[in-house]
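**Student:** have a look at this prediction, sequence included:
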Amino acid sequence: MTKDSDILIAGGGLNGPVLALALAQSGFDVTVVDARAAPERTNENFDGRGYALALAGQRLLHAIGVWTHLAPKAQPLLEIKVSDGHVNQGPSPFFLHFDHEEIEEGPMGYMIQDRHVYQAFLNAMKANDRITLLSETSVINQMVEPAGVTVNLSKGPTHRTRLLVGCDGRGSGVANRAGIRRTGWGYGQTALVCAVAHEKPHHGIAHQFFMPPGPLAILPLPGNMSSIVWSETEKNATHIHALSDADYMQVLRPRFGDFLGAIELVGNRFMYPLSLSVANKFIADRVALVGDAAHGMHPIAGQGLNAGLRDVAALAQVLKEAQSRGEDIASTLVLERYQRWRRFDTAALVAATDLTNKLFSNDNPLLRAGRDIGMGLINSVPGLRRSFIREAAGLTGDMPDLMR
């Protein structure tokens, strides 16, 4: 089959560009199809969205050559404090405290604003002759053939590729057309996302405060600002999101507390329904799924993006090694290696986030007592605490080479 590219990636959000850069670095010709226009993704105005990037993910971005541009705009995550409690009553006396000084590798991760991330990806893709970016375009059909995949696009000519990768989110069209079903459920929760400016410095400390409706994450951004990911019941979240900015802050302040002094809203507000959605398979004939197209999980541990980047690094390594051995990179034997690598790690992470949310997002007094004691025990055992720190930094398990 005459090919237009070795690999076509459907989806140009976060995982798609990272995968394209990693594959191009290994000598593959890659096409990225992005439904959105590039200017929409590179708006320089601060809009309140940020990402928690684990240390392993930062290593991947360094390996593909974009971290140099992002580092001056990133906030290192030096400590994480986890507590349990109620609105207006403060945290319980039992808590978890993770400090990056307990591991040798440096910060546990970094916080970085959405607007900076995609601009760096776009510049890197434009500078790489092996990457073709098709903006304002989407995949509308795919037909698998013995030697490749014929892909119909919403505009432009038919595209032929050896491998089609779905980086197109939880409602992945690539997965649907490949006949891959999903398993999942809603949590009855919605995430309210915004950013606040505060009077006092955060010192690079992230906070996770568990309340009965859901957790509140306070994640440090550069300067005296923090990103907020605030989970509420669907009904409460809809009501809160509809409030004016002033009333919205009146609801947030007693949950946030006064440990950083006075706070005020910065940028826009967002709302996302929370659910679990996992593909029953990560591969099909000449098709692979990455990121949310493979697994969408609760943001309770901030690991959604990092799990996707781990997919990226694993798939890039599997394809590079297959190419070096002269194998068909899209054969079932090759893609099965990627699926085996990622399925167990993903299943464990999904189970952990699901269980944690169910355990902490309630006000059962027996569960509350048990989880508080559990946090206190973990915090009092240095070896166990260190294991949790390394897990948060993405430094456990079978790590791909790009993350080492």
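**Tutor:** That came through fine.
**Student:** isn't residue 64 right next to residue 20, touching?
**Tutor:** No: using CB atoms under 8 Å, residue 64 is not in contact with residue 20; the gap is 9.2 Å. Heads up, the C-betas are built off the backbone N, CA and C, glycines and all.
**Student:** for the lengthiest helix in the chain, name the packing helices and strands.
**Tutor:** Across the chain, the longest stretch assigned as helix under DSSP state H is helix 332-360. Under the contact definition 3 or more CB pairs under 8 Å, 6 or more residues apart in numbering; DSSP states H and E, helix 332-360 sits against strand 214-221, strand 263-279, strand 283-284, strand 287-289, helix 304-324, helix 365-380.
**Student:** deepest-packed of those, please.
**Tutor:** Mean neighbours per residue, mean count of other CB atoms under 10 Å, is largest over the helices and strands packed on helix 332-360 for strand 287-289, with a mean of 28.
**Student:** compare residue 64 and residue 20 and say which is more crowded by neighbours.
**Tutor:** Set residue 64 next to residue 20 and count neighbours by other CB atoms under 10 Å: residue 20 wins out with 31 against 23.
**Student:** dihedrals phi and psi, that one?
**Tutor:** phi -60, psi -40 (degrees, to the nearest 10).
**Student:** read off the pLDDT value for it.
**Tutor:** Note for residue 20: predicted pLDDT of 98.
**Student:** gap between stretch 46-54 and the chain center?
**Tutor:** 10 Å (CA atoms, centre = their mean, to the nearest Å).
**Student:** distance between the ends of it?
**Tutor:** Stretch 46-54 stretches 22 Å from its first residue to its last (CA to CA, to the nearest Å).
**Student:** average pLDDT across that stretch?
**Tutor:** 87.
**Student:** hmm, back to that, which one of the helices and strands packed on helix 332-360 lies closest to residue 335?
**Tutor:** strand 283-284 (4.2 Å; CB to CB).
**Student:** counting neighbours, what do you get for residue 332?
**Tutor:** Count around residue 332 with other CB under 10 Å applied: 12.
**Student:** which ones are touching it?
**Tutor:** 283, 285 (CB atoms under 8 Å, 6 or more residues apart in numbering).
**Student:** could you check how far it is from residue 165?
**Tutor:** 15 Å (CB to CB, to the nearest Å).
**Student:** just residue 65 next, same as before
**Tutor:** Distance from residue 65 to residue 165, by CB to CB: 20 Å.
**Student:** so for those two, which sits in the more crowded spot?
**Tutor:** Per other CB under 10 Å, whichever of residue 65 and residue 165 has more neighbours is residue 165, with 31 against 15.
**Student:** tell me what the more buried one is bridged to.
**Tutor:** For residue 165, the beta-bridge partners under DSSP bridges are residue 9, residue 288.
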